[in-house]
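Colleague: sequence first, predicted coordinates after that:
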Amino acid sequence: MAKSNSAEARAGWLLAAPPAVYAALLLAAPLATVLLYSVLTGEKGAVSTPFTLSNYAEILSKPVYKAVMWRSLYVSMLVTLTTVLLAYPIAYFVSFHVSPSKKSLWLFLITIPFWTSYIIRVSLWRTILGYDGIIDSTLISTGLMDSQLNILSNGVISIIITLSHAYAPFAVLPIFVSLEKVERPLLEAGQDLGESKLMTFLRVTLPLSMPGVIAAVLIVFIPTVGDYVTPELIGGGKTPMVANLIESQMLKQRDQAMGSALAVTAMLIVGIVSVVFVLMNRRFIGGQK
Amino acid sequence: MTFSADRPNMIEFKDVHKYYGDYHALRGINGTIKAGEFFSLLGPSGCGKTTLLRTIAGFEDISSGAVLIDGKTMAGVPANVRPTNMVFQSYAIFPHMSVQENVGFGLRRDPRSAAEKARAVEEALEMVGLKGYGKRAAHALSGGQRQRVALARALILKPKVLLLDEPLSALDKKMREQMQVELIKLQREVGITFVLVTHDQEEALVMSDRIAVMFEGEIAQLADPETLYRRPNSKKVADFIGTMNFIPCTILSEAGDKVEVDAKGLGKVALDIHQAPPPRGETPVVGLRPETLTLLYPGQTATERETAGVIDEVIYFGDMTYYDVYLGGTDTEVRLSMRNVPGRPVLDVGDKVRVAWSPEALVLFR
């Protein structure tokens, strides 16, 4: 037995080796480099010793860094909130009101936005939200408004609209899966025990679908904190988020050490928020009493 | 069987029909369930018994007719305000709640204080034999315990009617028999009307005051267990409840309250009219339960009728032995059961035997 076990283990390692090497080269090595750079001094596109924590000290002391970090956090949190609030009813509808034979068709339809490149979708949002764009011209021509709204001029709102639309399908899927796992007799039991449909939803369906909601939150929150393209294209660079700041440090100021320190700080913040959510997820999964 | 027929009606069905698209699931259900009765809906799967139960609970709308609970029509009354509670087949225990949270689920709007509600939950758990289990996680319970939680959760709300949808089908045989007795005791204790859905005829006979046997969306017979067993009103009901031998016969004469038949292997028998349910235009047969036939051992004589036979098959069950016997030199084969008591050796295939029977036990289907 022991022999075949070790043979199995060797086969397992062998199978895992190529992706492990790939991950080490493309994930671990750059990460280690960034960590190393963040404690060096950067100047004119080069880094040099001695090791120092002055980059981190600067991030903590300078208000501009704090402001951009904070904006990244609240923009991505608002995006997450909007996305989950939009995705939940869609997932609920597909899970509870679409006949089982049509569910996969619906899920397929939900992925249709992915058929268009994200850059193109961002440009389309510019046309929709911008000065004399589709929203403005519609409102003015129907006489509902007499001046331009120009939503695009508000960077944060435009970013939230664009990102929420882009990430909605990612949020629908985990919520849908968790709703599918809610046994339907439980809902009848809730009503049988005297609760209305709404109260049964709040007391039974919602708590049981929380693992999916938390998964959706993580899937949306983590990538949106570090989103680079949207603030650049939608906000016109006037509403930078942390990724834009890192880019500017790395490529424009040519201070790779500072850029790395910013990247590490952003990673830490995302890490902390994610751990909090993972722990909440544990509570809901492991907490099924 | 101690049930008194003069109790008030708790549930009334008035020509209840239910269609699922083209499928006619309930085909004109009429009948009443009395207050405090242990009532069973018995039938094979797909006969509409669960649908009928769900029309009481309010989970199914009916296509036409009326369902009344305690004299009030239930049309347009949603499940959450009906005076009924249900024990689901899958028990439907909320997996994200503890045992006590499950049992107290329906008490949210109860005006009592939290301490009083907690006491009510504890009492309900004690009633179903789960005292001290309140803090347990629902997913850590066994099947039998889940069922008890489901019972406590329903009974704590003191419904007028408790609905049970095949509650014992997921339990093993020992546990099932134990729960049957517990449910009967519980029903007597709380005095609530119980409506049980089951496909297990034995379970229905053991537990019920009255039983409605259903086939294909219709009630075939509604009677107390003894009537159902001894005087089934059709061959189909007779076949579904227990075992019955059917012996081809010809009707010789019918006059007044007497019917005379010639049953193959048994000979001429005069039957009382109450042994012959209304005719259905079927080929006439007489039915006999296995335990109403007795093998005669040497020295024994029949008190009423006696027929010679040959043993074709012996099926030994420990406490009982079943014999398949050819009667009176014909190809009519009947199954009879004998309790294995001292002085009754188990006989062999091919043995020539004498079979005692009583015309009283016969039922004529035609």
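Modeller: That came through fine. Computed from a predicted model, the values in this text were never measured in an experiment. Residues are numbered from 1 along each chain as shown, chains lettered A, B, ... in the order given.

Colleague: rest of the way, CA atoms for contacts and neighbours
Modeller: Fine.

Colleague: can you get me a residue count around B:Val206?
Modeller: For B:Val206, the neighbour count with other CA atoms under 10 Å in any protein chain shown is 13.

Colleague: so it is in which element?
Modeller: Here B:Val206, judged by DSSP states H and E, is contained in helix B:201-207.

Colleague: note down every partner strand of the very next helix or strand once past that helix and its orientation.
Modeller: Later in the chain than helix B:201-207, the nearest helix or strand by DSSP H and E is strand B:210-215. Strand B:210-215 pairs in its sheet with strand B:38-42 (parallel), strand B:218-223 (antiparallel), by DSSP bridges.

Colleague: which one of the ones you listed lies nearest to A:Gly190?
Modeller: Nearest to A:Gly190 among these is strand B:38-42 (24.0 Å), distances taken as CA to CA.

Colleague: buried ones in the closest one?
Modeller: Using 16 or more other CA atoms under 10 Å in any protein chain shown as the test for burial, strand B:38-42 gives B:38-42.

Colleague: now it: average pLDDT?
Modeller: In this model, strand B:38-42 carries a mean pLDDT of 96.

Colleague: pull the residues that contact that strand.
Modeller: Residues outside strand B:38-42 that contact it (CA atoms under 8 Å, 6 or more residues apart in numbering or on different chains) are B:33, B:49, B:187, B:193-201, B:204, B:207-214.

Colleague: what residues does chain B have near chain A?
Modeller: Chain B has residues B:57, B:59, B:79-81, B:84-86, B:88, B:90, B:92-98, B:105-106, B:136-140, B:154, B:157 near chain A, with proximity defined as CA under 8 Å from any CA of the partner chain.

Colleague: hmm, who's touching stretch B:288-305?
Modeller: For stretch B:288-305, the external contacting residues (CA under 8 Å, 6+ apart) are B:243-246, B:334-338, B:344, B:353-359, B:361-363.

Colleague: which helix or strand in chain A has the lowest average pLDDT?
Modeller: Across the helices and strands of chain A, the lowest-confidence element by mean pLDDT, DSSP states H and E is strand A:46-48, at a mean of 73.

Colleague: after that strand, next one along is what?
Modeller: Strand A:46-48 is succeeded, C-terminally, by helix A:54-61 (DSSP H and E).

Colleague: what subset of the residues of chain B next to chain A is buried?
Modeller: Taking 16+ other CA under 10 Å as the criterion, what is buried in the residues of chain B next to chain A is B:57, B:59, B:79-80, B:84-86, B:88, B:90, B:92-98, B:105-106, B:137-139, B:154, B:157.

Colleague: inside helices: which ones of those residues?
Modeller: Judged by DSSP state H, helices contain the following of those: B:57, B:154.

Colleague: quick one, helices of the chain?
Modeller: Let's take chain A. Using DSSP H, helices in chain A cover A:2-23, A:29-38, A:54-61, A:63-97, A:103-110, A:118-129, A:134-141, A:155-180, A:184-192, A:197-200, A:206-225, A:229-233, A:242-247, A:256-286.

Colleague: I was after chain B.
Modeller: Per DSSP H, chain B carries helices over the ranges B:49-57, B:99-103, B:114-127, B:143-155, B:173-190, B:201-207, B:225-230, B:235-240.

Colleague: buried deepest among these, which one?
Modeller: Mean neighbour count (mean count of other CA atoms under 10 Å in any protein chain shown) peaks for helix B:99-103 among the helices of chain B, with a mean of 26.

Colleague: list of residues touching it?
Modeller: Residues outside helix B:99-103 that contact it (CA under 8 Å, 6+ apart): B:93-94, B:121-122, B:124-125, B:133-138, B:149-150, B:152-154, B:156.

Colleague: check residue 192 and give its pLDDT.
Modeller: Let's take chain A. Model confidence at A:Asp192, given as pLDDT, is 95.

Colleague: hmm, no, I was thinking of chain B.
Modeller: Confidence for B:Ile192, expressed as pLDDT, is 93.

Colleague: isn't it right up against B:Val161?
Modeller: Yes. Contact criterion CA atoms under 8 Å: B:Ile192 and B:Val161 qualify, at 6.0 Å.

Colleague: more crowded one of those two?
Modeller: More neighbours surround B:Val161 than the other of B:Ile192 and B:Val161, with 28 against 19 (other CA under 10 Å).

Colleague: quick one: that one and B:Val190 touch, right?
Modeller: No. Using CA under 8 Å, B:Val161 makes no contact with B:Val190, being 11.0 Å away.

Colleague: give the contact list for the spatially closest residue to B:Ile241 that is not a sequence neighbour.
Modeller: Closest residue in space to B:Ile241, ignoring its immediate chain neighbours: B:Gln201 at 5.7 Å, by CA to CA, 6 or more residues apart in numbering or on different chains. The contact partners of B:Gln201, by CA under 8 Å, 6+ apart, come to B:42-43, B:240-242.

Colleague: ok, B:Ile62 next?
Modeller: Contact partners of B:Ile62, counting by CA under 8 Å, 6+ apart, are B:16-19, B:55.

Colleague: need the pLDDT of residue 247.
Modeller: All of this is about chain A. With respect to pLDDT, A:Glu247 has a value of 86.

Colleague: oops, wrong one, chain B.
Modeller: For B:Ile247, the model assigns a pLDDT of 94.

Colleague: ok, it touching B:Asp262?
Modeller: No. Counting by CA under 8 Å, B:Ile247 does not reach B:Asp262; the two are 10.1 Å apart.

Colleague: re earlier: in strands, which of the contacts of stretch B:288-305 fall?
Modeller: B:245-246, B:334-338, B:353-357, B:363 (DSSP state E).

Colleague: are any of those buried, and which?
Modeller: B:245-246, B:334-338, B:353-357, B:363.

Colleague: of all those, which two lie farthest apart?
Modeller: The two members of those with the most space between them (CA to CA) are B:Val353 and B:Val363, at 23.9 Å.

Colleague: point me to the residue of the stretch 151-300 of chain B nearest chain A.
Modeller: B:Ala154 (7.1 Å; CA to the nearest CA).

Colleague: who touches that residue in this structure?
Modeller: Residues near B:Ala154 by CA under 8 Å, 6+ apart: A:193, B:85-87, B:103, B:162.

Colleague: quick one, what contacts the closest residue to B:Ala66 other than its chain neighbours?
Modeller: Of all residues not flanking B:Ala66 in the chain, B:Lys14 sits nearest, at 5.1 Å (CA to CA, 6+ apart). Counting by CA under 8 Å, 6+ apart, B:Lys14 touches B:28-31, B:65-67.
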